[in-house]
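Enquirer: any chance you can model this:
(chains A and B)
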Amino acid sequence: DAGVIQSPRHEVTEMGQEVTLRCKPISGHNSLFWYRQTMMRGLELLIYFNNNVPIDDSGMPEDRFSAKMPNASFSTLKIQPSEPRDSAVYFCAIRQGLINEQFFGPGTRLTVL
Amino acid sequence: QKEVEQNSGPLSVPEGAIASLNCTYSDRGSQSFFWYRQYSGKSPELIMFIYSNGDKEDGRFTAQLNKASQYVSLLIRDSQPSDSATYLCAVNPAGGSYIPTFGRGTSLIVHP
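Expert: Numbering: from 1, shown residues only, chains lettered A, B, ... in the order given. Okay, here's the model as predicted:
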């Protein structure tokens, strides 16, 4: 997991609050992905960036979700306002290697009460 | 809609047995195929990948690909309790986008 750092690792918040999840990938990649994982829906791609530009955000569930990547070493996923159904584990991943595999960060477990 | 299907399990096998995990995909033009292992509370990690029809072996793991049947499998020989995890199948589409579609995973339990 050292290649991708995510913070916080756990977040508990109340419905209606703003939540910001952070991702710091290692250098040398050009693609970054945000995923959400739940028991019901599995691993869902929310958005991915190529060279810091959002390419496909069709997986973002609704306007309450937004993501930014101001530079190659930092990305944020924001939920405002949060709802209980947003409770999930959110993973940041980069694409790397000769076979273009996904390398995942440790994830942020979000609980919205 | 590209789909990747896996039986959610759990698949329970005794220690030392062969565990067979299966995955089917809908996009006939898919190029590359991956197996990720995810321990409870952890992130997915890549364990195997395969591009060509046939078998690919790496230690106790064998990936099998049949593009005509749109079917990929993972065999784990001499299963160990430490293999207990969820196994996610991921498929890269045609066209070189390298944006994988993940299956929902199969839970494997290896009991002593």
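Enquirer: which residue ranges form the strands in the chain?
Expert: By default, I'm working from chain A. According to DSSP state E, chain A carries its strands in the segments A:4-7, A:10-13, A:19-25, A:31-38, A:42-50, A:53-56, A:65-71, A:74-79, A:88-96, A:101-104, A:108-112.
Enquirer: actually, chain B is the one I wanted.
Expert: Per DSSP E, chain B carries strands over the ranges B:4-5, B:11-14, B:19-25, B:32-38, B:45-50, B:54-58, B:61-66, B:71-76, B:85-92, B:101-102, B:106-111.
Enquirer: what's in contact with the fifth one?
Expert: Translated: strand B:45-50. Contacts of strand B:45-50 from elsewhere in the structure, counted by CB atoms under 8 Å, 6 or more residues apart in numbering or on different chains, are A:99, A:101-104, B:32-38, B:56, B:58, B:61, B:63-65, B:72, B:74. (Each C-beta comes from the backbone N, C-alpha and C, glycine too.)
Enquirer: mind running it again at 7 Å?
Expert: The contact list for strand B:45-50 (CB atoms under 7 Å, 6 or more residues apart in numbering or on different chains) reads A:99, A:101, B:32-37, B:56, B:58, B:61, B:63, B:65, B:72, B:74.
Enquirer: just to revisit the earlier point, now render the strands of chain A as a markdown table, adding mean neighbour count and distance to chain B.
Expert: Putting these into a markdown table (neighbours: other CB atoms under 10 Å in any protein chain shown; distance: least, CB to the nearest CB, whole Å) gives the following:
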| stretch | mean neighbour count | distance to chain B |
| --- | --- | --- |
| strand A:4-7 | 19 | 9 |
| strand A:10-13 | 14 | 11 |
| strand A:19-25 | 19 | 12 |
| strand A:31-38 | 22 | 8 |
| strand A:42-50 | 20 | 3 |
| strand A:53-56 | 13 | 7 |
| strand A:65-71 | 15 | 15 |
| strand A:74-79 | 19 | 16 |
| strand A:88-96 | 22 | 6 |
| strand A:101-104 | 24 | 4 |
| strand A:108-112 | 18 | 8 |
